[in-house]
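Q: any chance you can model this:
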Amino acid sequence: MASAKIVDTLPLLTPLPDEVYPRIVDLDREPDKGYYIALGLVLSVWMITPLSCAYLVWYTLLSPGLSGRLGLTATIFAAYALTEVLFSFYHLYLARYVQKPTPPSSLSISTRTDLFLRVLHSGLTYPVPSKGITTNGFAHGQAYGEVGDDLGEGDAEIRRAEEDYQKGLISVADLYHIRDKAYEESVGMRERRRVGRMTQGAKSVLDAFVEEEQGEREKRLRDEVEGNVVPNDQKDTWGYEGIMSDDGEIQKLHPWDKRAIEFRERLRTWFGHAPWSSLRKENILIWLAWSCYGLPLEEVRENEEYVKFLDYALELLEARTGTDIEDGHTEGIQVLRLTLDPVNARGRPLILYALSNITNTWLREVVYPYQGMGLYREGDVEYLIRIPKDWTPEKGKTIPNALPVVYMHGLGFGLLQSHFLIKHLIKSLPTHPILIPLSPYTSQSLFDPRHLRPWSRQELVETMKTICTQWGFWDENARGSKMGGVSMLSHSNGSVAHGWILKDCPQMIKRSTFVDPVVFCLWEGDVCHSFCYRKPATALELLLYYFIACEVGIANYIQRNFDWTENTLFFDEIPNATDPTKTAFFLGGHDIIIDAARVRKYLERHGVTDGIHWDAMAGHGDGLAGPSRDRVVMYVGTGSTKGWEGWLKSGRRRHSLGVDDFVNRGGRRRGEKDE
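A: The predicted structure is shown next:
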C-alpha cells in the first residue's frame, strides 16, 4: 500500500540527464536545408532597397520615352522606389545613432558586491530529491535486476542510498554524503575505502567539498526550500555551501568539485566558448570590467576604487571556479561585452515597417475596441484594457474569477505576434479584466517616439502602480486581501518587466506565470550569445536574427539598454515561488534562445517541483501556440492546469459563469445540479 501511494504521487517531470563537461559547442555548424529556404526569404525582403535604387536609375534614363498608362504606372513605382531609397538613408542614420555607448553602471560598491556574491553562490546548494522518484529516473520499488545488474560498486551504493531515501530510512544529508563520496572516489579526489576509517587525503578534501557534520546540509536546504527566501545581507548567509567563511575569508572550492566545474564551464560562454584553461587574467578582467561597470578595462583602471573591486571580484571568481588564473592575455579570444560591442542593426525596407505597423494600428484601434478593449495612455506607456460588465474593484479583490490579468509581451512584432493569445484571453476569461502594456521598442514601432528610448525600471514600475490603482486592481494603502493584486503573464523578454515589478512592488502580483523567461541565470550568457552572437545555421535561427534581433529598435534595446544587473531575477525575489497555485514556469526543451534545461535545474535546485511545466519538444514561443496556449491561459485565470486538455470544452464554460453564479451557487448555473 505504501509503495502504491508513492507511485501515485510521482512528479510529472522526468529527471534531466546530467550535463557532460567540458561542453562541446560547434561554433562552425553547417547550415541545414531549411536555412537556405529562409535565406531566400530574407534576401527577397532585403533586396527591395537595392532593387528600388536600380529601378530609379532605369526610370530616370527611360521615363522620357514612357507615356499613357504605362508611364503613370512607372511613375507610381518610381515614387515608391524613391521613398525606399530615402528611408534607407534614414535607417542608416538610426543604425549609426544607436552605436553610441551607454552610460556606465551607477551601482554602489555594496550593491555590486552583494550582486556578485549572489551570482557566485548560485548553484552551490543541491535540490531536495522528490519523493517517489530517483535521480536516475526509476520509480521507487524497481529492483536492480530490472535496470541492469552491471552497476559499478559506486553506482550500486548510490542506487541503494536513493532507494533508502525514498523509503525514509536515511535523510537528505545522508544521501548527499554517499553521492559526494562516490563521486570523489570516481575522479580520484579521495582513495577508495574498503573499511569505515577515513584516510587523511579524504579528510583534507572533505573540508572543501562535504559538510563536516551530518545534517548541516539538510538544515541549509530545509531553510532555503521551506522558508522560500534566502537572506543575502549577512556574512554567514551561505554557511558551509558558500565560498566565504564566517570571518570573511575567501574559501576556494576544489578544482574537481562538480559545482566548480559546472560554473567555469558555463562561464566560458562569455569568452566565445574558449577552453577555460586558455583564459588568462587579462581576458577575465576585460569581462569583469564590462559586467561590473559597463566600461572598457582601460577606463576602469583609471579609477582606483574600481581597480580594488576588480581585484576582489577576480579573487572570488577564482574561489568559485576552484582555479588559479594565470597572468597574461590570450590573443584571439572574443570577450562578449553586450553594451560595448557594435550594435547588430541590419537594413530592412520601409514596407516591412509599414505593413507591421498598419496591422498593429488596425488591431489596436479597430479590432480590440470592437471586442471591448480600450486604448489608453499613462505618461509614455500606452496600454489596452478590457473591464468586464458589472466588474467592480471589490469583486476583483475578493472573487478568484474576477482577478485582473496583465500580459507583458516579448520581442517581435507586437500585437500582430500576440494576437491569437490576446484573442484567447478575451474569449476564455470574460469575467477577468485584461491589461496589456504596449512596448514600442520591442514591437518595431518605428513611428513611435519611444522606439529608441526603452522604458526604465523605475518608469515602468511607477506607471504600473498608477494604472492598477486608477482601475481599482490594487490599493497600495490597503491591507491584506483588500489590497488586491493581479495575475501577471509574461513571455520571453516580457519577463524583464515582470521581474522589475516583483522586485520593486511584489505585493501587486498575486499570481505569476512565466513562459520562456529570459531573466533566470543571465550571468551564464546563454541568452546573450543565442540572441546576438550566434551564427545562424537553421531556418528559425536566421529568421529570428534578421526579422527580430537585427531590427534597429530591438537591437538598440538589447545591445545598449539591457542591463543584466537590473534584469536578472533571483529565485528568492519571487514571492510564493514554490507554490504551484501562485507561480508557474512554462519551459520548452528545444528553446533556441534560453537554455531551458539550465533554467529548469536552477528552479528545481530551489525546491520548485509542481510549478514547472516542461515540454521537452517545445521551442521558444510554442507554449503560447496551439493547444499549449490553452494550458497557459487556464493557469493564468484559475491557478491550475489540472485537466487543461478538456478545459475549453467544459471547464472554460464553468469558469466563464457570471460572478453571482460563482459566489452564490458554487460555480453552477441557476437550476444546474451536481454532475
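
Q: is it correct that G294 is in contact with T339?
A: Yes - counting by Cβ atoms under 8 Å, G294 touches T339, with 5.7 Å between them. To be clear about C-beta, it is placed using only N, CA and C from the backbone, and glycine gets the same treatment.

Q: which neighbours do these two have in common?
A: Jointly contacting G294 and T339 under the rule Cβ atoms under 8 Å, 6 or more residues apart in numbering are T102, D563.

Q: higher neighbour count, those two?
A: Using other Cβ atoms under 10 Å, the more surrounded residue of G294 and T339 is G294, with 23 against 20.

Q: per-residue confidence averaged over stretch 470-490?
A: Taken as a whole, stretch 470-490 has a mean pLDDT of 91.

Q: how far is it from where the chain is centred?
A: Centroid displacement of stretch 470-490 relative to its chain, using Cα atoms, centre = their mean, to the nearest Å, is 25 Å.

Q: let's see the distance spanning it from one end to the other.
A: This stretch, stretch 470-490, spans 22 Å end to end (Cα to Cα, to the nearest Å).

Q: what about V633, neighbour count?
A: 24.

Q: now name the helix or strand holding it.
A: V633 belongs to helix 627-638 when assigned by DSSP states H and E.

Q: next SSE downstream of the longest helix along the chain?
A: Of all segments of type helix in the chain, defined using DSSP state H, the longest is helix 68-97. Heading C-terminal from helix 68-97, the first helix or strand you meet, by DSSP H and E, is helix 109-121.

Q: format the CA atom coordinates belonging to that following helix as CSV.
A: Output of helix 109-121 as CSV, limited to C-alpha atoms (Å, rounded to 0.1, in the frame of the first residue of the first chain):
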residue,chain,number,x,y,z
ILE,A,109,30.0,49.2,-4.3
SER,A,110,27.9,47.5,-1.7
THR,A,111,25.1,46.7,-4.1
ARG,A,112,27.6,45.4,-6.7
THR,A,113,29.4,43.3,-4.2
ASP,A,114,26.1,41.7,-3.0
LEU,A,115,25.0,41.1,-6.6
PHE,A,116,28.3,39.5,-7.5
LEU,A,117,28.2,37.2,-4.4
ARG,A,118,24.7,36.2,-5.3
VAL,A,119,25.9,35.1,-8.7
LEU,A,120,28.9,33.2,-7.4
HIS,A,121,26.8,31.4,-4.8
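
Q: that helix packs against which elements?
A: helix 304-321 (3 or more Cβ pairs under 8 Å, 6 or more residues apart in numbering; DSSP states H and E).

Q: next secondary structure after the helix it packs on?
A: Following helix 304-321 in sequence order, the next helix or strand is helix 350-362 (DSSP H and E).

Q: what's the following helix or strand past that following helix in contact with?
A: Sequence-wise, the next helix or strand downstream of helix 350-362 (DSSP H and E) is helix 368-370. Helix 368-370 has contacts (Cβ under 8 Å, 6+ apart) with L375, L384, R386, L415, I422.

Q: one more time with 10 Å, if that's ok
A: Contact with helix 368-370 is made by 362-363, 374-375, 384-386, 415, 419, 422-423, 426, 434, 436, as judged by Cβ atoms under 10 Å, 6 or more residues apart in numbering.

Q: what would the residues you listed look like in TSV with pLDDT and distance to P404?
A: Output for the contacts of helix 368-370, formatted as TSV (pLDDT from 0 to 100; distance: Cβ to Cβ, whole Å):
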residue	pLDDT	distance to P404
W362	96	26
L363	96	21
G374	94	14
L375	95	17
L384	97	13
I385	97	9
R386	96	10
L415	95	19
H419	95	21
I422	96	15
K423	94	18
I426	94	14
I434	97	8
I436	98	11
